[in-house]
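[1] Quick one: sequence plus predicted model below, questions after.
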Amino acid sequence: MMCNCKLILLCAIYFIGVSVKAQNYAQWPAEKPRTGFIENAQSKQVRLQNRTRPQVIAMQDKMRAFFNENMEALSQKTGWLVVELDEFCSDGNVYHNEDGTVQDVPFNKCPPGSFNITYQFIANKDSLAAWKIYQSNFQKADEQSQQQRNNDVQDITQSPKYKQYQDSAKYYMHLYTAYVQKHQDEGVALFTKDTHPKYYQQKQMEFMDKATALTDGQVKAAGVDQLEANGAKIARRFRNHSIVTVTFEVNAYKEYAVDGSLGPIEYTTTPFLKSPATLSKLYTTGRDQTSQDLLKWDHILLIMMGQFNLHPNQYGGYEAAFMQNGQSDLYTPKKVTCGQIQNICIKISGSKAHIQRLAALLDTKNYNNVIYSK
(Lines give C-alpha, C1' and ligand atoms only; values in the text may rest on other atoms or scores of the structure.)
Protein backbone atom coordinates (compact mmCIF):
# COMPACT_ATOMS: atom_id res chain seq x y z
CA MET A 1 0.00 0.00 0.00
CA MET A 2 2.91 2.31 0.62
CA CYS A 3 3.77 1.92 -3.07
CA ASN A 4 0.25 3.06 -3.95
CA CYS A 5 0.66 6.12 -1.74
CA LYS A 6 3.89 7.04 -3.51
CA LEU A 7 2.17 6.57 -6.87
CA ILE A 8 -0.66 8.90 -5.84
CA LEU A 9 1.84 11.51 -4.70
CA LEU A 10 3.84 11.25 -7.95
CA CYS A 11 0.64 11.63 -9.99
CA ALA A 12 -0.24 14.75 -8.01
CA ILE A 13 3.23 16.22 -8.64
CA TYR A 14 2.94 15.40 -12.37
CA PHE A 15 -0.51 17.00 -12.51
CA ILE A 16 0.80 20.19 -10.92
CA GLY A 17 3.72 20.31 -13.37
CA VAL A 18 1.47 19.83 -16.38
CA SER A 19 -0.95 22.46 -15.11
CA VAL A 20 1.77 25.08 -14.70
CA LYS A 21 3.12 24.31 -18.17
CA ALA A 22 -0.34 24.54 -19.73
CA GLN A 23 -0.98 27.94 -18.15
CA ASN A 24 1.92 29.37 -20.15
CA TYR A 25 -0.34 29.14 -23.21
CA ALA A 26 -2.08 32.49 -23.76
CA GLN A 27 -5.47 30.92 -24.54
CA TRP A 28 -5.34 28.47 -21.60
CA PRO A 29 -7.51 26.66 -20.52
CA ALA A 30 -8.51 26.28 -24.17
CA GLU A 31 -6.52 23.47 -25.72
CA LYS A 32 -2.93 24.11 -26.69
CA PRO A 33 -1.91 23.36 -30.32
CA ARG A 34 -0.11 20.03 -30.64
CA THR A 35 2.91 21.53 -32.36
CA GLY A 36 4.89 18.30 -32.50
CA PHE A 37 2.18 16.47 -34.41
CA ILE A 38 1.59 19.47 -36.66
CA GLU A 39 5.28 19.82 -37.52
CA ASN A 40 5.59 16.11 -38.37
CA ALA A 41 2.43 16.19 -40.45
CA GLN A 42 3.69 19.20 -42.42
CA SER A 43 7.22 17.87 -42.96
CA LYS A 44 7.65 16.42 -46.43
CA GLN A 45 10.83 14.69 -45.28
CA VAL A 46 9.03 12.91 -42.43
CA ARG A 47 6.22 11.81 -44.71
CA LEU A 48 8.62 10.49 -47.33
CA GLN A 49 10.43 8.57 -44.59
CA ASN A 50 7.04 7.12 -43.69
CA ARG A 51 6.77 6.00 -47.33
CA THR A 52 3.87 8.31 -48.15
CA ARG A 53 3.33 8.55 -51.89
CA PRO A 54 4.27 11.92 -53.47
CA GLN A 55 0.75 12.10 -54.93
CA VAL A 56 -0.73 11.77 -51.43
CA ILE A 57 1.68 14.38 -50.04
CA ALA A 58 0.64 16.79 -52.79
CA MET A 59 -3.03 16.22 -51.91
CA GLN A 60 -2.40 16.75 -48.19
CA ASP A 61 -0.48 19.98 -48.76
CA LYS A 62 -3.11 21.26 -51.18
CA MET A 63 -5.95 20.60 -48.72
CA ARG A 64 -4.04 22.14 -45.80
CA ALA A 65 -3.61 25.38 -47.74
CA PHE A 66 -7.24 25.21 -48.86
CA PHE A 67 -8.62 24.76 -45.35
CA ASN A 68 -6.22 27.34 -43.86
CA GLU A 69 -7.49 29.93 -46.30
CA ASN A 70 -11.11 29.07 -45.54
CA MET A 71 -10.65 29.16 -41.76
CA GLU A 72 -8.81 32.48 -41.90
CA ALA A 73 -11.72 33.87 -43.91
CA LEU A 74 -14.15 32.63 -41.23
CA SER A 75 -11.99 34.23 -38.55
CA GLN A 76 -12.21 37.56 -40.37
CA LYS A 77 -15.99 37.31 -40.75
CA THR A 78 -16.68 36.30 -37.14
CA GLY A 79 -13.93 38.21 -35.39
CA TRP A 80 -12.96 34.98 -33.61
CA LEU A 81 -9.29 34.17 -33.13
CA VAL A 82 -8.41 30.90 -34.87
CA VAL A 83 -5.42 28.57 -34.44
CA GLU A 84 -4.59 25.21 -35.92
CA LEU A 85 -4.96 22.69 -33.12
CA ASP A 86 -3.92 19.36 -34.60
CA GLU A 87 -3.06 17.60 -37.85
CA PHE A 88 -2.67 14.07 -39.13
CA CYS A 89 -1.34 12.71 -42.43
CA SER A 90 -1.59 9.03 -43.31
CA ASP A 91 1.60 7.02 -43.91
CA GLY A 92 2.44 5.00 -46.98
CA ASN A 93 1.29 1.43 -47.57
CA VAL A 94 3.68 -1.53 -47.46
CA TYR A 95 3.72 -5.30 -47.55
CA HIS A 96 5.53 -7.03 -44.68
CA ASN A 97 7.50 -9.95 -46.11
CA GLU A 98 8.25 -13.17 -44.27
CA ASP A 99 11.98 -12.35 -44.22
CA GLY A 100 11.30 -9.18 -42.21
CA THR A 101 11.67 -6.75 -45.11
CA VAL A 102 9.00 -4.33 -46.29
CA GLN A 103 7.92 -3.57 -49.81
CA ASP A 104 5.91 -0.64 -51.13
CA VAL A 105 2.42 -1.48 -52.31
CA PRO A 106 2.17 -0.87 -56.08
CA PHE A 107 0.70 2.54 -56.85
CA ASN A 108 -2.37 1.12 -58.60
CA LYS A 109 -3.22 -0.90 -55.45
CA CYS A 110 -2.73 1.84 -52.84
CA PRO A 111 -5.90 2.75 -50.89
CA PRO A 112 -6.92 6.39 -50.44
CA GLY A 113 -4.47 8.58 -48.51
CA SER A 114 -5.98 10.50 -45.58
CA PHE A 115 -5.60 13.98 -44.15
CA ASN A 116 -7.15 15.41 -40.96
CA ILE A 117 -6.82 18.92 -39.57
CA THR A 118 -8.48 20.62 -36.59
CA TYR A 119 -8.91 24.34 -35.87
CA GLN A 120 -9.93 26.06 -32.65
CA PHE A 121 -11.84 29.34 -32.55
CA ILE A 122 -12.03 31.54 -29.47
CA ALA A 123 -15.70 32.48 -29.80
CA ASN A 124 -16.12 34.32 -26.49
CA LYS A 125 -13.11 36.03 -24.91
CA ASP A 126 -15.03 37.04 -21.76
CA SER A 127 -16.13 33.46 -21.14
CA LEU A 128 -12.56 32.25 -21.70
CA ALA A 129 -11.28 34.80 -19.15
CA ALA A 130 -13.86 33.63 -16.60
CA TRP A 131 -12.94 30.01 -17.32
CA LYS A 132 -9.28 30.83 -16.71
CA ILE A 133 -10.05 32.32 -13.29
CA TYR A 134 -12.25 29.38 -12.35
CA GLN A 135 -9.73 26.79 -13.55
CA SER A 136 -6.88 28.42 -11.61
CA ASN A 137 -8.92 28.39 -8.40
CA PHE A 138 -10.12 24.85 -9.05
CA GLN A 139 -6.60 23.54 -9.53
CA LYS A 140 -5.47 25.08 -6.26
CA ALA A 141 -8.37 23.46 -4.42
CA ASP A 142 -7.80 20.14 -6.18
CA GLU A 143 -4.09 20.14 -5.34
CA GLN A 144 -4.89 20.84 -1.70
CA SER A 145 -7.45 18.01 -1.64
CA GLN A 146 -4.98 15.64 -3.29
CA GLN A 147 -2.32 16.48 -0.75
CA GLN A 148 -4.74 16.04 2.14
CA ARG A 149 -5.83 12.70 0.75
CA ASN A 150 -2.23 11.53 0.42
CA ASN A 151 -1.50 12.54 4.02
CA ASP A 152 -4.64 10.83 5.33
CA VAL A 153 -3.99 7.61 3.41
CA GLN A 154 -0.40 7.53 4.64
CA ASP A 155 -1.62 7.95 8.23
CA ILE A 156 -4.01 5.03 7.79
CA THR A 157 -1.38 2.71 6.33
CA GLN A 158 0.73 3.35 9.43
CA SER A 159 -2.14 2.72 11.88
CA PRO A 160 -2.27 -0.40 14.14
CA LYS A 161 -5.58 -1.58 12.63
CA TYR A 162 -4.26 -1.42 9.07
CA LYS A 163 -1.11 -3.26 10.11
CA GLN A 164 -3.25 -5.90 11.82
CA TYR A 165 -5.24 -6.50 8.62
CA GLN A 166 -2.06 -6.67 6.53
CA ASP A 167 -0.42 -9.12 8.94
CA SER A 168 -3.53 -11.32 8.96
CA ALA A 169 -3.62 -11.37 5.16
CA LYS A 170 0.05 -12.36 5.05
CA TYR A 171 -0.56 -15.04 7.70
CA TYR A 172 -3.24 -16.78 5.62
CA MET A 173 -1.20 -16.34 2.45
CA HIS A 174 1.68 -18.23 4.11
CA LEU A 175 -0.72 -20.93 5.33
CA TYR A 176 -2.03 -21.35 1.80
CA THR A 177 1.45 -21.55 0.25
CA ALA A 178 2.74 -24.00 2.84
CA TYR A 179 -0.34 -26.23 2.60
CA VAL A 180 -0.27 -26.37 -1.22
CA GLN A 181 3.42 -27.22 -1.26
CA LYS A 182 2.97 -29.94 1.36
CA HIS A 183 -0.01 -31.56 -0.39
CA GLN A 184 0.93 -31.04 -4.02
CA ASP A 185 0.85 -34.82 -4.59
CA GLU A 186 -2.95 -34.65 -4.33
CA GLY A 187 -3.02 -33.12 -7.81
CA VAL A 188 -6.35 -31.67 -8.99
CA ALA A 189 -8.13 -32.90 -5.88
CA LEU A 190 -6.15 -30.37 -3.85
CA PHE A 191 -8.21 -27.58 -5.42
CA THR A 192 -11.49 -29.42 -6.02
CA LYS A 193 -12.09 -31.61 -2.95
CA ASP A 194 -9.70 -30.30 -0.31
CA THR A 195 -11.32 -27.27 1.38
CA HIS A 196 -8.18 -25.93 3.09
CA PRO A 197 -6.67 -23.98 0.14
CA LYS A 198 -9.98 -22.28 -0.62
CA TYR A 199 -10.49 -21.37 3.04
CA TYR A 200 -7.02 -19.84 3.36
CA GLN A 201 -7.55 -17.80 0.18
CA GLN A 202 -10.94 -16.55 1.38
CA LYS A 203 -9.48 -15.45 4.72
CA GLN A 204 -6.57 -13.71 2.95
CA MET A 205 -8.97 -11.80 0.68
CA GLU A 206 -11.20 -10.95 3.65
CA PHE A 207 -8.41 -9.12 5.47
CA MET A 208 -7.10 -7.52 2.25
CA ASP A 209 -10.61 -6.14 1.62
CA LYS A 210 -10.75 -4.76 5.16
CA ALA A 211 -7.42 -2.97 4.67
CA THR A 212 -8.57 -1.57 1.33
CA ALA A 213 -11.85 -0.41 2.87
CA LEU A 214 -9.93 1.69 5.39
CA THR A 215 -8.04 3.61 2.69
CA ASP A 216 -11.04 3.82 0.33
CA GLY A 217 -13.16 5.29 3.08
CA GLN A 218 -10.58 7.98 3.76
CA VAL A 219 -10.24 8.79 0.05
CA LYS A 220 -14.01 9.18 -0.22
CA ALA A 221 -14.08 11.35 2.91
CA ALA A 222 -11.51 13.68 1.34
CA GLY A 223 -14.03 14.44 -1.42
CA VAL A 224 -11.45 14.51 -4.22
CA ASP A 225 -13.52 12.44 -6.63
CA GLN A 226 -16.61 14.58 -6.12
CA LEU A 227 -14.56 17.77 -6.49
CA GLU A 228 -13.10 16.59 -9.78
CA ALA A 229 -16.48 15.40 -11.09
CA ASN A 230 -18.03 18.80 -10.37
CA GLY A 231 -15.00 20.51 -11.89
CA ALA A 232 -15.38 18.53 -15.11
CA LYS A 233 -19.03 19.56 -15.46
CA ILE A 234 -18.27 23.24 -14.87
CA ALA A 235 -15.28 23.13 -17.26
CA ARG A 236 -17.55 21.66 -19.93
CA ARG A 237 -19.94 24.59 -19.60
CA PHE A 238 -17.10 27.09 -19.88
CA ARG A 239 -15.57 25.22 -22.84
CA ASN A 240 -18.80 25.25 -24.83
CA HIS A 241 -19.36 28.94 -24.14
CA SER A 242 -15.76 29.89 -24.94
CA ILE A 243 -14.51 27.89 -27.89
CA VAL A 244 -15.61 25.98 -30.95
CA THR A 245 -13.53 23.51 -32.96
CA VAL A 246 -13.73 22.57 -36.63
CA THR A 247 -12.24 19.31 -37.90
CA PHE A 248 -11.84 18.38 -41.55
CA GLU A 249 -11.24 14.76 -42.50
CA VAL A 250 -10.29 13.96 -46.09
CA ASN A 251 -10.79 10.39 -47.29
CA ALA A 252 -12.27 9.21 -44.01
CA TYR A 253 -12.65 5.43 -43.93
CA LYS A 254 -15.22 5.50 -41.13
CA GLU A 255 -16.83 8.64 -39.78
CA TYR A 256 -18.26 9.21 -36.32
CA ALA A 257 -19.60 12.31 -34.65
CA VAL A 258 -19.86 10.37 -31.38
CA ASP A 259 -17.89 7.11 -31.31
CA GLY A 260 -20.10 4.66 -29.44
CA SER A 261 -17.29 2.11 -29.21
CA LEU A 262 -15.65 4.31 -26.54
CA GLY A 263 -18.45 3.72 -24.06
CA PRO A 264 -22.09 4.53 -23.29
CA ILE A 265 -22.71 8.07 -24.51
CA GLU A 266 -26.23 9.49 -24.54
CA TYR A 267 -27.11 11.75 -27.47
CA THR A 268 -29.89 12.75 -29.83
CA THR A 269 -29.65 13.82 -33.45
CA THR A 270 -31.62 16.18 -35.63
CA PRO A 271 -31.27 16.81 -39.38
CA PHE A 272 -29.17 19.83 -40.24
CA LEU A 273 -29.76 20.51 -43.89
CA LYS A 274 -26.75 21.90 -45.67
CA SER A 275 -26.56 21.38 -49.43
CA PRO A 276 -24.71 19.63 -51.05
CA ALA A 277 -23.94 17.38 -48.07
CA THR A 278 -24.55 13.65 -48.34
CA LEU A 279 -25.52 13.69 -44.67
CA SER A 280 -25.77 16.47 -42.12
CA LYS A 281 -26.75 15.88 -38.49
CA LEU A 282 -26.56 17.91 -35.31
CA TYR A 283 -25.76 15.74 -32.28
CA THR A 284 -26.85 16.91 -28.82
CA THR A 285 -25.19 15.20 -25.86
CA GLY A 286 -26.42 14.93 -22.28
CA ARG A 287 -24.46 16.68 -19.54
CA ASP A 288 -25.18 14.06 -16.89
CA GLN A 289 -24.15 11.00 -18.88
CA THR A 290 -21.72 8.43 -17.52
CA SER A 291 -19.00 9.06 -20.12
CA GLN A 292 -18.00 12.57 -19.04
CA ASP A 293 -14.37 11.75 -19.75
CA LEU A 294 -15.17 10.66 -23.32
CA LEU A 295 -17.15 13.67 -24.44
CA LYS A 296 -16.69 17.35 -23.68
CA TRP A 297 -19.06 19.02 -26.14
CA ASP A 298 -22.75 19.88 -25.82
CA HIS A 299 -23.30 19.73 -29.57
CA ILE A 300 -21.46 18.29 -32.58
CA LEU A 301 -22.43 19.00 -36.16
CA LEU A 302 -21.42 16.28 -38.63
CA ILE A 303 -21.37 17.11 -42.33
CA MET A 304 -20.37 14.37 -44.77
CA MET A 305 -19.70 14.96 -48.47
CA GLY A 306 -18.89 12.24 -50.96
CA GLN A 307 -20.10 8.65 -51.10
CA PHE A 308 -20.89 6.85 -47.83
CA ASN A 309 -22.97 3.94 -46.64
CA LEU A 310 -25.72 5.86 -44.86
CA HIS A 311 -26.71 2.92 -42.65
CA PRO A 312 -24.63 3.46 -39.47
CA ASN A 313 -22.86 0.55 -37.79
CA GLN A 314 -23.57 -0.56 -34.22
CA TYR A 315 -21.40 2.27 -32.87
CA GLY A 316 -23.04 5.02 -34.91
CA GLY A 317 -20.32 5.23 -37.57
CA TYR A 318 -20.66 5.57 -41.32
CA GLU A 319 -18.37 3.68 -43.71
CA ALA A 320 -16.98 5.26 -46.85
CA ALA A 321 -18.14 3.76 -50.13
CA PHE A 322 -14.54 2.87 -50.99
CA MET A 323 -14.54 0.39 -48.08
CA GLN A 324 -16.40 -1.97 -50.44
CA ASN A 325 -15.14 -4.17 -53.31
CA GLY A 326 -11.51 -4.17 -52.17
CA GLN A 327 -11.05 -0.43 -52.70
CA SER A 328 -9.48 -0.01 -49.24
CA ASP A 329 -7.27 -3.11 -49.20
CA LEU A 330 -3.66 -3.51 -50.40
CA TYR A 331 -4.24 -6.09 -53.13
CA THR A 332 -7.10 -4.98 -55.37
CA PRO A 333 -6.45 -2.54 -58.26
CA LYS A 334 -8.07 0.77 -57.41
CA LYS A 335 -10.67 2.56 -59.47
CA VAL A 336 -9.53 5.90 -57.99
CA THR A 337 -5.85 6.60 -57.26
CA CYS A 338 -4.64 7.14 -53.70
CA GLY A 339 -4.00 10.88 -54.15
CA GLN A 340 -7.55 11.69 -55.22
CA ILE A 341 -10.15 13.09 -52.81
CA GLN A 342 -13.16 10.82 -52.45
CA ASN A 343 -14.87 12.36 -49.43
CA ILE A 344 -14.66 15.26 -46.99
CA CYS A 345 -16.17 15.25 -43.51
CA ILE A 346 -16.57 18.28 -41.28
CA LYS A 347 -17.18 18.20 -37.53
CA ILE A 348 -18.00 21.40 -35.67
CA SER A 349 -18.09 21.09 -31.87
CA GLY A 350 -19.31 23.62 -29.32
CA SER A 351 -22.49 25.40 -28.34
CA LYS A 352 -25.44 25.27 -30.72
CA ALA A 353 -25.30 29.02 -31.32
CA HIS A 354 -21.60 28.96 -32.23
CA ILE A 355 -22.06 25.93 -34.48
CA GLN A 356 -24.95 27.51 -36.33
CA ARG A 357 -23.00 30.70 -36.92
CA LEU A 358 -19.99 28.89 -38.39
CA ALA A 359 -22.09 26.43 -40.39
CA ALA A 360 -23.95 29.29 -42.03
CA LEU A 361 -20.63 30.68 -43.28
CA LEU A 362 -19.15 27.39 -44.54
CA ASP A 363 -18.84 27.17 -48.31
CA THR A 364 -19.73 23.49 -48.54
CA LYS A 365 -20.32 23.80 -52.28
CA ASN A 366 -16.69 24.82 -52.69
CA TYR A 367 -15.57 21.86 -50.55
CA ASN A 368 -17.69 19.48 -52.55
CA ASN A 369 -16.17 20.69 -55.79
CA VAL A 370 -12.72 19.28 -54.89
CA ILE A 371 -14.11 15.76 -54.43
CA TYR A 372 -13.19 13.44 -57.29
CA SER A 373 -16.02 12.56 -59.64
CA LYS A 374 -15.84 10.45 -62.76
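    Right, received. Where do you want to start? Residues are numbered from 1 along each chain as shown.

[2] Can you show me the helices along the stretch 51-200 of the chain?
    Under the criterion DSSP state H, counting those that start in this stretch, the stretch 51-200 of the chain contains helices at 54-78, 125-157, 160-182, 189-192, 196-222.

[3] For the shortest one, buried residues please.
    By neighbour count with 16 or more other C-beta atoms under 10 Å, helix 189-192 contains the buried residues residue 190. For every residue, glycine as well, the C-beta is placed using N, CA and C.

[4] Now do stretch 210-221, average pLDDT.
    Mean pLDDT, stretch 210-221: 70.

[5] neighbouring contacts of stretch 273-281?
    Contact partners of stretch 273-281, identified using C-beta atoms under 8 Å, 6 or more residues apart in numbering, comprise 257, 269-272, 301-308, 310, 318, 359, 362, 364-365, 368.

[6] Tell me how far it lies from the chain's centre.
    Taking C-alpha atoms, centre = their mean, to the nearest Å, the mean C-alpha location of stretch 273-281 is offset from the chain mean by 26 Å.

[7] buried sites along that stretch?
    So, applying 16+ other C-beta under 10 Å, buried residues of stretch 273-281: 274, 277-281.

[8] wait, which of those is closest to residue 352?
    Of all the buried residues of stretch 273-281, the one with the least separation from residue 352 (C-beta to C-beta) is residue 281, at 13.1 Å.

[9] Surely the closest one is in a strand?
    Yes - the assignment for residue 281 is a strand, going by DSSP: H, G, I helix; E, B strand; the rest coil.

[10] Just give the closest residue to it, not the sequence neighbours.
    residue 269 (4.6 Å; C-beta to C-beta, 6 or more residues apart in numbering).

[11] residues touching that neighbour, list them.
    Residue 269 sits in contact with 281-284, where contact means C-beta under 8 Å, 6+ apart.

[12] Shouldn't it be within a strand?
    Yes - assessed by three-state DSSP, residue 269 belongs to a strand.

[13] tell me which residues form a beta bridge with it?
    Beta-bridge partners of residue 269, counted by DSSP bridges, are residue 283.

[14] roughly how far apart are it and residue 276?
    Counting by C-beta to C-beta, to the nearest Å, the gap from residue 269 to residue 276 is 20 Å.

[15] So what's the residue count around residue 203?
    17 (other C-beta atoms under 10 Å).

[16] who's in contact with it?
    168, 172.

[17] what pLDDT does it get?
    So residue 203 comes in at 86 (pLDDT).

[18] what sits against residue 296?
    So residue 296 contacts 235-236, 239 (C-beta under 8 Å, 6+ apart).

[19] if we go to 10 Å?
    Contacts for residue 296 (C-beta atoms under 10 Å, 6 or more residues apart in numbering) come out as 31, 232, 235-236, 239-240, 285, 349.

[20] Using CSV, lay out those residues together with pLDDT.
    Shown next, in CSV, are the contacts of residue 296 (pLDDT from 0 to 100):
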residue, pLDDT
31, 93
232, 80
235, 87
236, 90
239, 94
240, 95
285, 87
349, 95
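
[21] For these, which ChimeraX command selects only the ones that are buried?
    Selection of buried members from these for ChimeraX, criterion 16+ other C-beta under 10 Å:
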select :31,235,236,239,240,285,349
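
[22] What about the contacts of residue 296, which are in strands?
    In this view, the contacts of residue 296 that belong to strands under DSSP state E are 285, 349.

[23] biggest separation within the contacts of residue 296, which pair?
    Every pair of the contacts of residue 296 checked by C-beta to C-beta; the farthest is 31 and 285, at 18.2 Å.

[24] what about stretch 330-345, distance to the chain center?
    The answer for stretch 330-345 is 27 Å, by C-alpha atoms, centre = their mean.

[25] Now do that stretch: distance from first to last residue.
    24 Å (C-alpha to C-alpha, to the nearest Å).

[26] before we move on, what about stretch 216-229?
    Using C-alpha to C-alpha, the two ends of stretch 216-229 sit 17 Å apart.

[27] Once you drop chain neighbours, what's closest to residue 190?
    Residue 190 sits nearest to residue 183 (C-beta to C-beta, 6+ apart), 5.5 Å away.

[28] And stretch 82-92, what's buried?
    Buried-residue list, stretch 82-92, by 16+ other C-beta under 10 Å: 82-90, 92.

[29] where does the stretch 251-374 of the chain have low pLDDT?
    274, 288-294, 374 (pLDDT under 70).

[30] got the residue ranges for the helices in it?
    Under DSSP H, counting those that start in this stretch, the stretch 251-374 of the chain gives helices at 352-361, 364-369.

[31] Out of the ones you listed, which gets nearest to residue 332?
    Per C-beta to C-beta, nearest to residue 332 of the helices of the stretch 251-374 of the chain: helix 364-369, 26.7 Å.

[32] List the contacts of the closest one.
    Here helix 364-369 has contacts from 63, 66-67, 70, 248, 250, 274-278, 280, 303, 305-306, 341, 343-346, 363, using C-beta under 10 Å, 6+ apart.

[33] From these, keep the buried residues only.
    Of the contacts of helix 364-369, these count as buried by 16+ other C-beta under 10 Å: 63, 66-67, 70, 248, 250, 274, 277-278, 280, 303, 305-306, 341, 343-346.

[34] out of the helices of the stretch 251-374 of the chain, nearest to residue 74?
    Closest among the helices of the stretch 251-374 of the chain, using C-beta to C-beta: helix 352-361, at 5.6 Å.

[35] tell me the angle the closest one makes with strand 279-285.
    Inter-element angle recorded for helix 352-361 and strand 279-285: 170 degrees (by axes from the mean of the first three to the mean of the last three C-alpha atoms, to 10 degrees).
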